[in-house]
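Colleague: I would like the atomic coordinates for the input below:
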Amino acid sequence: MTVEHPSLAEIFAGVLTALLVFASPVCAQRKETSLDAGAVALRYADTLNAGAATITPRAAAQWARGAAEVTGTYSQFTTGGWSAQGALSGSLFAPTASGFLAEVAGFAGGSTHHDGTRTGQVLANGRLHFMRTRGELFLGAGGGRTWVGGGSRSVFLGEAGMSSMIREVDATLTASPTMVEDSIKYVDGQLSLFWARERLDLGALIGTRFGDQLTSLGGTAKTWGNLTAVASLTPRFALVVSGGTYPIDPTQGFPGGRFVSASIRLATRRVSDAPLPQAEQARAGTGDTEGAPTVTSFVAERGHAGRVTLRVKAPLAQLVEVSGDFTNWTPVRLERASDGLWSGTFPISRGKYQLNLRLDGGKWLVPPGLLSMLDEFGGSVGLLVIE
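Modeller: Numbering: from 1, shown residues only. You can find the predicted model right below:
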């Protein structure tokens, strides 16, 4: 059977279509796209060496009740072969009466290779998040199907973990039990760390596996780890360097291995400032009196060194304050700019945070565009997700 090699025009047409479809949802509060171009050196199954030039486009969007991301990678190997991978993921959030945050998530992805090999995976799961100051606990379960070649198998997943800020490091610890239809059972434990400095982001991951391991795929290591550094050269360009090891993936039949990669990242960021629906504007106001100050938009933009700028549009306000778990619930005044805009920059790492706004010393309000949920005292707060 002859496998047709996709042309570069077809590849980039597919990438462009994905970016147009998924990067610009009308209701998105925050939209980002990036393109990485570089090279990677691989050692599969502890025995096979390979090198490749890679192109990786990515698009992501966030809105009040969810987030979505689409990404793909095309690799041209030095030996003449090629491979292409793609993935689409998304989450929807909803607060519960008991104060938990419920999440429904989905993932679909796959790969195709020059020799005709194809893989695919479709998963769905649900999580409960228990939000605490500077961290959270979460628990989830789900399942789906995975395809390798012409066969498919069912996959069942579990997840439990916690995240917290330790000094200036964002740490997340997870345990993920997995069962594949043909009785493969194992539990992966992982610790991920993220640390931001001026023009430099560092990420690290350490993992270990308990249970079954398919040594027939190649490689026998049950522990792995990697390190990624992103150095910002300009606001739109960055150097990305990564290296380490990764485990066998029994669900898709992938061997474990080692890798070193380097690439240049071209990134764009677009934050929506579209007028809010009338119901949202009414919720953001301090009252029903004509001429009373209201918040007409709220956005959060992540910058360098783990700093996030909050921008509030409240043209009639004389004072705008923000209070959240990242300020230890101490009210902080925002600075007034032109056109009724107010802003403030805070050291906020990636994660989920709670916050409220106050206009002219009035009541504390959930910022428009954020998901409203109950805090531990029964009040309403907005959920801010920083990716």
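Colleague: just the helices in the stretch 1-150 of the chain please.
Modeller: Under the criterion DSSP state H, counting those that start in this stretch, the stretch 1-150 of the chain contains helices at 8-22.
Colleague: which stretches of it have low pLDDT?
Modeller: 1-30, 46, 64, 97-99, 133-134 (pLDDT under 70).
Colleague: So this protein: which segments form each domain?
Modeller: Listed by automatic domain parsing, the domain ranges of the chain are 8-270, 273-386.
Colleague: Output those in JSON lines, with mean neighbour count appended to each entry.
Modeller: (Each C-beta comes from the backbone N, C-alpha and C, glycine too.) Listed next are the domains of the chain as JSON lines, based on neighbours: other Cβ atoms under 10 Å:
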{"stretch": "domain 8-270", "mean neighbour count": "16"}
{"stretch": "domain 273-386", "mean neighbour count": "17"}
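Colleague: ok, residue 369 to residue 102 distance?
Modeller: 19 Å (Cβ to Cβ, to the nearest Å).
Colleague: should've said residue 347
Modeller: 29 Å.
Colleague: and what of residue 90?
Modeller: When distance is defined by Cβ to Cβ, residue 90 is 15 Å away from residue 102.
Colleague: residue ranges for the strands of the stretch 51-200 of the chain, please.
Modeller: 66-77, 82-95, 101-113, 118-132, 135-148, 151-166, 169-180, 184-197, 200-211 (DSSP state E, counting those that start in this stretch).
Colleague: can you pull the contacts of the residue nearest to residue 87 when sequence neighbours are not counted?
Modeller: With Cβ to Cβ, 6 or more residues apart in numbering as the criterion, residue 87 has its nearest non-adjacent residue at 3.4 Å, and that residue is residue 109. Contacts for residue 109 (Cβ atoms under 8 Å, 6 or more residues apart in numbering) come out as 85-89, 120-121.
Colleague: out of those residues, who's nearest residue 336?
Modeller: residue 89 (38.5 Å; Cβ to Cβ).
Colleague: from memory that closest one sits against residue 69, does it?
Modeller: Yes. Contact criterion Cβ atoms under 8 Å: residue 89 and residue 69 qualify, at 5.3 Å.
Colleague: which residues touch residue 226?
Modeller: By Cβ under 8 Å, 6+ apart, the contact set of residue 226 is 204-205, 242-246, 259.
Colleague: Distance of it relative to residue 387?
Modeller: Separation of residue 226 from residue 387 (Cβ to Cβ): 19 Å.
Colleague: Same question for residue 87.
Modeller: Residue 87 sits at a distance of 15 Å from residue 387 (criterion: Cβ to Cβ).
Colleague: Likewise for residue 92?
Modeller: Separation of residue 92 from residue 387 (Cβ to Cβ): 16 Å.
Colleague: In the contacts of residue 109, find the pair that's most separated.
Modeller: Going by Cβ to Cβ, the pair spanning those furthest: 89 and 120, at 14.3 Å.
Colleague: Could you list the low-pLDDT ranges of the stretch 201-350 of the chain?
Modeller: 213-221, 269-291, 304-305.
Colleague: Please, where are all the helices along it?
Modeller: For the stretch 201-350 of the chain, the helices defined by DSSP H, counting those that start in this stretch occupy 278-284.
Colleague: quick one: the strands in it?
Modeller: Under DSSP E, counting those that start in this stretch, the stretch 201-350 of the chain gives strands at 223-232, 237-246, 257-271, 297-302, 307-313, 320-324, 332-333, 335-336, 341-347.
Colleague: export those strands to TSV and tack on distance to residue 73?
Modeller: Below are these laid out as TSV (distance: least, Cβ to Cβ, whole Å):
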stretch	distance to residue 73
strand 223-232	15
strand 237-246	13
strand 257-271	11
strand 297-302	23
strand 307-313	28
strand 320-324	36
strand 332-333	41
strand 335-336	41
strand 341-347	32
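Colleague: Specify the stretch among those strands that is closest to residue 364.
Modeller: Closest to residue 364 of the strands of the stretch 201-350 of the chain is strand 320-324 (Cβ to Cβ; 6.8 Å).
Colleague: For that closest one, name the packing helices and strands.
Modeller: Here strand 320-324 touches strand 307-313, strand 332-333, strand 351-359, going by 3 or more Cβ pairs under 8 Å, 6 or more residues apart in numbering; DSSP states H and E.
Colleague: The first one pairs with which strands?
Modeller: Here strand 307-313 has these sheet partners by DSSP bridges: strand 297-302 (antiparallel), strand 341-347 (antiparallel).
Colleague: Can I get these in CSV including distance to residue 183?
Modeller: Below are those laid out as CSV (distance: least, Cβ to Cβ, whole Å):
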stretch, distance to residue 183
strand 297-302, 43
strand 341-347, 48
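Colleague: Residue 181: which of those strands is closest?
Modeller: Residue 181 lies closest to strand 297-302 among the strands paired with strand 307-313, at 40.2 Å (Cβ to Cβ).
Colleague: how far off strand 351-359 does that closest one point, in degrees?
Modeller: 140 degrees (axes from the mean of the first three to the mean of the last three Cα atoms, to 10 degrees).
Colleague: show me what contacts the nearest residue to residue 312 once chain neighbours are set aside?
Modeller: Closest residue to residue 312 apart from its sequence neighbours, by Cβ to Cβ, 6+ apart: residue 342 at 4.5 Å. Counting by Cβ under 8 Å, 6+ apart, residue 342 touches 311-314, 317, 320, 334-336.
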